[in-house]
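Asker: Sequence first, then the predicted structure:
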Amino acid sequence: MATTFALIYTYTDDTELRDATRAAHRDYLRPFAEDGTMLVAGAWAPGEDPGGLLIFRAEDRAAVQTIVDNDPFSTAGVVARAEIREWAPPLGPLAGALTGQA
């Protein structure tokens, strides 16, 4: 049974490297969005510390870690920190879909 995980990326301050790697990062993630493994992803808004939030439905934390390990943002050194947290939101219009109850 799949579980919902929040992946919180903290980026380095190297915006040039981030910009140069962004297309490969998005190309890498696209199949996970297409097959439903990745539900949503995006960078923090301008003015926030550099980083992003990605929400996954996966069998376990190790599956998300494998995605992180192979992400071009990780392999190129854009990601300073990747935090994976299991997430089980109980309320809101998307809660059921995020917890597999819908």
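Answerer: Looks like it came in fine.
Asker: buried set for the helix or strand hosting residue 67?
Answerer: According to DSSP states H and E, residue 67 maps onto helix 61-70. For helix 61-70, the buried set under the neighbour-count rule, 16 or more other C-beta atoms under 10 Å, comprises 63, 64, 67, 68. Placement of C-beta: from N, CA and C, glycine included.
Asker: And for stretch 32-50?
Answerer: Buried, per 16+ other C-beta under 10 Å, within stretch 32-50: 32, 37, 38, 39, 41, 50.
Asker: Between those residues, which sits nearest residue 26?
Answerer: Proximity of those to residue 26 (C-beta to C-beta) peaks at residue 41, which lies at 8.8 Å.
Asker: Relative to residue 74, how far out is that closest one?
Answerer: Residue 41 is 14 Å from residue 74, where distance means C-beta to C-beta, to the nearest Å.
Asker: if you average pLDDT over the longest helix along the chain, what comes out?
Answerer: Ranked by number of residues, the top helix in the chain under DSSP state H is helix 15-34. What helix 15-34 shows for mean pLDDT is 98.
Asker: counting contacts, what elements does that helix pack onto?
Answerer: strand 38-43, helix 72-75 (3 or more C-beta pairs under 8 Å, 6 or more residues apart in numbering; DSSP states H and E).
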